[in-house]
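*Asks:* Give me a model of this one.
(one chain, ligands or ions: 1)
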Amino acid sequence: MPALNVLPTGTTLLIGYVVVGAVLIQLAVFLYGSLRSAAHARVARARDIERLDLEVSAARLRLVSVEQERSGWNGIRKFTVAKKIAECADTFSFHLTPHDRRPIPAFKPGQYLTFQLTLPGQAKPIVRCYSISDCARYTHYRVTIKRCPPPPKTDHPPGKCSSFFCDNVKEGDILDVKAPAGHFFLDLEKEKSAVLISGGVGITPMIAMAHALIEARSNREVWFFFGSRSSEDHMLRAETLALTQKYPNLKLHICYSRPGKEDVIDRDFQHEGRVTVELMKSLLPSQNYNFYLCGPGAFMETITDDLRTWGVPDAAVHFEAFGPASVKKAAKPEAKAAFTALPFAGGSMISFAKSGQSTRWSPAHATLLDAAEACGVRIEAGCRAGNCGACLVAIKSGEVEYLNDHGAEVEAGSCLACICKPKGALTVDA
Ligand SMILES: Cc1cc2nc3c(=O)[nH]c(=O)nc-3n(C[C@H](O)[C@H](O)[C@H](O)COP(=O)(O)OP(=O)(O)OC[C@H]3O[C@@H](n4cnc5c(N)ncnc54)[C@H](O)[C@@H]3O)c2cc1C
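*Replies:* Residues are numbered from 1 along each chain as shown. Prediction:
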């Protein structure tokens, strides 16, 4: 008998188990391998689909914006107030549709509209800018306007134009509007992650930025810090809270400095106190972001200074100033440098012919408009960035130098007070 046949039954069984086990292991390895490659293929396919989807929506956005850029306008265009919505205390949103019913141009998220209003009892129209607070819907623009309160401890009346919007402008009214403009916007083509920082009414351009990211189906990491006193003056609150559902990569941090009784931490807001760079340091993994700021003057000044101290390069900090204080204090460092590099008209006499006032130029004045305001001379101002043309003033003698390129046209013999400084002695018709 051959030797194999003499193996005891137990050994044969063992060999059988080993063979079956080995076959099962191989089968399992094979199955695992196939499942893994199938899973990989599925993930790769999903990624491809997502990438294609993103490319298609980016291409669609580009196409729409190219088409819409063609439908831009120069000067004034009539817009109808299609909707007026009460947002929170003393704050309203206005949906504006073009009166001529023609398409409206796309805008960059962060840009503003310039309004020219004739107010009762005012001889001259006044010009004011309001940021677009919505994403591009291609049918209307939305602006959100808060009544500008009088400075503390004064009995001055509240802001003229913002009060007019809140109290008088109604649905069906027709307004004179200039096309979207401004250099403060989120570049959707840039891949770097962003930090949006806003306080009070400064939320308006940030909301537009967040909506634009959602619309573009971007997946870049975005931090959104917002500060107000409480939910009572948190404008566009429901919309802010809903952002995170639509944009999972958006990390929202709401800070209330004086939360109301109904404001519940972790439900309505995340931090008690103000928005600070210390808070950002405790949350952000690094300072390698583009920072976008908009808010009251003191807030912007503190945040820009603290970001610089934290080591954020100035080129990564972008801001919009809504009023004079923020312009003066938060002037971009490169802008300040450009001013100091200009031949300094130190001590030159600046005269305002109509009001009979004069002052000596000093480096504390960032612009001619600042110098006028410092000695109580009122020059109309809208955007304070050389775009809206509201501060155009005739030069009677002397010359000026510009800090920035200007969007508004400058007639010969005049200057845009908000972005120029005198080259020497200067007399203007204000
Ligand atoms: C680019 C840009 C975007 C903006 N976006 C928005 C936005 O989205 N939403 C928004 O609400 N605002 C925005 N603003 C601010 C807006 O343009 C106006 O500056 C704001 O509404 C105040 O204008 P007003 O006419 O109401 O106030 P003004 O009449 O110009 O008064 C301004 C302040 O002066 C005080 N004042 C009145 N009389 C005197 C006096 N005799 N002496 C001293 N002080 C006095 C007023 O009480 C008020 O506090 C933006 C500004 C810019 C530049």
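*Asks:* can you pull the buried residues of whichever strand in the chain runs longest?
*Replies:* Of all segments of type strand in the chain, defined using DSSP state E, the longest is strand 76-88. Burial within strand 76-88, assessed by neighbour count using 16 or more other CB atoms under 10 Å, is assigned to 77, 79-81, 84, 87-88. All C-beta spots, glycine's among them, are computed from the backbone N, C-alpha and C.
*Asks:* Pick out the most distant pair among those residues.
*Replies:* Of all pairs drawn from these, the greatest distance, 29.4 Å, lies between Arg77 and Cys88 (CB to CB).
*Asks:* what's the burial count for Gly389?
*Replies:* Number of residues near Gly389 (other CB atoms under 10 Å) recorded here: 23.
*Asks:* For Leu119, which residues are in contact?
*Replies:* Residues touching Leu119, when contacts are defined by CB atoms under 8 Å, 6 or more residues apart in numbering, comprise 126, 160-161, 164.
*Asks:* Could you pick out the buried ones from the residues you listed?
*Replies:* Buried residues within these, defined by neighbour count using 16+ other CB under 10 Å: 126, 161, 164.
*Asks:* For the residue lying closest to Ala216 once chain neighbours are set aside, which three-state class applies?
*Replies:* The spatially closest residue to Ala216, leaving aside those adjacent along the chain, is Leu188, at 5.1 Å (CB to CB, 6 or more residues apart in numbering). Reducing the assignment at Leu188 to three states with DSSP: H, G, I helix; E, B strand; the rest coil gives coil.
*Asks:* list the contacts for the residue of the stretch 251-400 of the chain found nearest the ligand?
*Replies:* Using CB to the nearest ligand atom, the single residue of the stretch 251-400 of the chain nearest to the ligand is Phe322, 3.9 Å away. Remark: with contacts taken as CB under 8 Å, 6+ apart, Phe322 is in contact with 201-202, 294-296.
*Asks:* Tell me which two of those residues sit farthest apart.
*Replies:* Longest span within those, CB to CB: Cys294 and Pro296, 9.4 Å.
*Asks:* which neighbours do these two share?
*Replies:* Common neighbours of Cys294 and Pro296 (criterion: CB under 8 Å, 6+ apart): 199, 202, 322.
*Asks:* picking that back up, which of the buried ones among the contacts of Leu119 are close to the ligand?
*Replies:* With CB under 6 Å from any ligand atom as the criterion, the subset of those in contact with the ligand comprises Cys161.
*Asks:* so can I have a markdown table of the buried ones among the contacts of Leu119 showing secondary structure and pLDDT?
*Replies:* Converted to a markdown table, the buried ones among the contacts of Leu119 look like this (DSSP: H, G, I helix; E, B strand; the rest coil; pLDDT from 0 to 100):
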| residue | secondary structure | pLDDT |
| --- | --- | --- |
| Ile126 | strand | 87 |
| Cys161 | helix | 94 |
| Phe164 | helix | 97 |
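*Asks:* Closest one to Gly382 out of the buried ones among the contacts of Leu119, please.
*Replies:* Of all the buried ones among the contacts of Leu119, Gly382 sits closest to Ile126, with 8.2 Å by CB to CB.
*Asks:* unless I'm mixing things up, the closest one is touching Lys160, no?
*Replies:* Yes - applying CB atoms under 8 Å, one finds Ile126 in contact with Lys160, separated by 6.5 Å.
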